[in-house]
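missing the sequence, but the structure's below:
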């Protein structure tokens, strides 16, 4: 697996689908180059599958969701994964994830050490499926930091295309995560969208009550 670094400015200058990747695009927005480099090197060496770790410096303050959506739009690959700069990869994390998807599943939540498969904090999507949900974007674009992954997880669960393998490990190494606050605007947006079943894509009431 290869590694490539881009600034957000460079990414935005690319035409849609300009970067064609054999395998998996793993998009990683970052603000700390040293931390991102350490994470990317480990992910690449332990992936067990071909692809590209695309490290995107958020030099314009666009936020995680916007940069992931831009990376999804600018690249072309069979599979697309999103991670943060503090990801710590287990051995064969990617090959195990791909095996868990198989032929019938389209979205996977990695074992990030927090959600035990209930939420794809770090996720892997079959690109052809993901393009159908939000007009070619991976995430609902009005989120900025949080809850876009939660919404996409619930949609995949509703459609019975969600996968999880506890051995496919991408741990989020965030020492203050449990003391951090979620983005209040994103949380409000999530609650509002939940009322409509995320534009009618989720109808199962148990799923709608799964994430608050």
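The structure has been received and is ready for your questions. Computed from a predicted model, the values in this text were never measured in an experiment.

geometric centre of the protein: which residue is closest?
Centroid-nearest residue in the chain: residue 82, 3.0 Å away (criterion: CA atoms, centre = their mean).

tell me how many other residues surround the residue lying closest to it once chain neighbours are set aside.
Spatial nearest neighbour of residue 82, chain neighbours left out: residue 68 (4.9 Å); criterion: CB to CB, 6 or more residues apart in numbering. (C-beta placed from N, C-alpha, C; glycine too.) The criterion is other CB atoms under 10 Å. On that basis, residue 68 has 25 neighbouring residues.

next: the one 4 residues further on.
Counted with other CB under 10 Å, residues neighbouring residue 72 total 25.

which SS state does the residue nearest to residue 82 fall under?
helix (DSSP: H, G, I helix; E, B strand; the rest coil).

before we move on, back to that, who's the residue nearest to the centre of the chain bridged to?
With DSSP bridges as the criterion, residue 82 is bridged to residue 27, residue 123.

tell me who's in contact with it.
Residue 82 is in contact with 26, 27, 28, 68, 122, 123, 138, 149, counting by CB atoms under 8 Å, 6 or more residues apart in numbering.

quick one: contacts for residue 97?
Applying CB under 8 Å, 6+ apart, we find residue 97 in contact with 81, 108, 110, 124, 163, 165, 168.

in those residues, find the pair that's most separated.
Between any two of these, the greatest separation by CB to CB is 13.8 Å, found for 81 and 165.

which one of those two has more residues nearby?
Just comparing residue 81 and residue 165: by other CB under 10 Å the higher neighbour count belongs to residue 81, 29 against 18.

just how off-centre is the helix ranked longest in the chain within its chain?
Longest helix in the chain, counting residues (DSSP state H): helix 33-46. Distance of helix 33-46 from its chain centroid, counting by CA atoms, centre = their mean, to the nearest Å, is 16 Å.

which parts of whichever helix or strand comes after that helix are buried?
Following helix 33-46 in sequence order, the next helix or strand is strand 51-57 (DSSP states H and E). Neighbour counts over strand 51-57 (16 or more other CB atoms under 10 Å) mark 51, 52, 53, 54, 55, 56, 57 as buried.

could the residues you listed go into JSON lines alongside pLDDT and distance to residue 5?
Converted to JSON lines, these look like this (pLDDT from 0 to 100; distance: CB to CB, whole Å):
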{"residue": "51", "pLDDT": "98", "distance to residue 5": "15"}
{"residue": "52", "pLDDT": "98", "distance to residue 5": "11"}
{"residue": "53", "pLDDT": "98", "distance to residue 5": "9"}
{"residue": "54", "pLDDT": "98", "distance to residue 5": "8"}
{"residue": "55", "pLDDT": "98", "distance to residue 5": "5"}
{"residue": "56", "pLDDT": "98", "distance to residue 5": "8"}
{"residue": "57", "pLDDT": "98", "distance to residue 5": "7"}
